[in-house]
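Asks: Only the shape, not the letters, is given here:
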């Protein structure tokens, strides 16, 4: 089995994982606040989702993306 990923564009990197976790937390909390009719916190959580996207982009540009110099793919044996 090869140690390289077959498709290097799937985002299995620290930048992608960080962005997805932050955005999922923002969406989950926003859903709870939407259910509780707290519009201010829903918008704050929408901001957290945007921050997660920006954080992923920054980490990718800093070299933690899939093809970045600071990323070393792990073998999935």
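Replies: Received the coordinates, thanks. Keep in mind that this is a model prediction, so the values were computed, not measured.

Asks: which residues does the residue sitting nearest the centre point of the chain contact?
Replies: With distances taken as Cα atoms, centre = their mean, the residue of the chain nearest its centroid is residue 19 (1.7 Å). Neighbouring residues of residue 19 by Cβ atoms under 8 Å, 6 or more residues apart in numbering: 52, 53, 55, 56, 57, 59. The C-beta positions use only the backbone N, C-alpha and C, and glycine is treated the same way.

Asks: can you do 7 Å?
Replies: Going by Cβ atoms under 7 Å, 6 or more residues apart in numbering, residue 19 touches 52, 53, 55, 56.

Asks: What segments of the chain are helices?
Replies: Remark: helices assigned in the chain by DSSP state H are 14-35, 39-59.

Asks: Please name whichever of those helices is nearest to residue 66.
Replies: The closest of the helices of the chain to residue 66 is helix 14-35. By Cβ to Cβ, the value is 7.4 Å.

Asks: buried sites along that closest one?
Replies: 14, 15, 16, 18, 19, 22, 23, 26, 29, 30, 33 (16 or more other Cβ atoms under 10 Å).

Asks: on that earlier part again, export the contacts of residue 19 to a markdown table and tack on neighbour count, pLDDT and distance to residue 43?
Replies: Converted to a markdown table, the contacts of residue 19 look like this (neighbours: other Cβ atoms under 10 Å; pLDDT from 0 to 100; distance: Cβ to Cβ, whole Å):
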| residue | neighbour count | pLDDT | distance to residue 43 |
| --- | --- | --- | --- |
| 52 | 20 | 96 | 15 |
| 53 | 15 | 96 | 16 |
| 55 | 16 | 96 | 19 |
| 56 | 24 | 92 | 21 |
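
Asks: Good, wrapping up.
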